[in-house]
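In: Quick one, fold the following:
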Amino acid sequence: MLENGVGLRHIQELLGHAKPETTMIYTQVARKDLLEIKSPLDTAIQQLGEIDKEEQKFLLSDNEP
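Out: So this is what the prediction gives:
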């Protein structure tokens with residue numbers, strides 16, 4: 001269920017666990033899912049890079065005769 005996008009909190013409720021720690025004992029996360037997680041910092045840096053590229057295109061187009 002976790003790999004299909006169901007949140008841990010929902011799984012906890014379905015299993016009747018009082019604590020999320022108990023649910024985590026019984027859930028295993030696939031390695032491929034872990035590799036797909038992006039850090040918010042990485043996302044921000046990537047977005048800044050895209051903005052810089054757009055600004056460079058804009059500046060280059062203004063400098064052309």
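In: where does this protein have low pLDDT?
Out: For the chain, applying pLDDT under 70 flags the ranges 29-34, 52-65.
In: What about residue 12, how many residues nearby?
Out: 19 (other Cβ atoms under 10 Å). Placement of C-beta: from N, CA and C, glycine included.
In: Stretch 5-14: which residues count as buried?
Out: Within stretch 5-14, the residues scored as buried using 16 or more other Cβ atoms under 10 Å are 11-12.
In: Apologies, that question was intended for stretch 10-27.
Out: Buried residues in stretch 10-27, counted by 16+ other Cβ under 10 Å: 11-12, 23.
In: Which ones among those map onto helices?
Out: 11-12, 23 (DSSP state H).
In: Now render the residues you listed as CSV, adding distance to residue 5.
Out: Shown next, in CSV, are these (distance: Cβ to Cβ, whole Å):
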residue, distance to residue 5
11, 11
12, 15
23, 16
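In: before we move on, what SS does residue 28 have?
Out: Judged by DSSP: H, G, I helix; E, B strand; the rest coil, the three-state class of residue 28 is coil.
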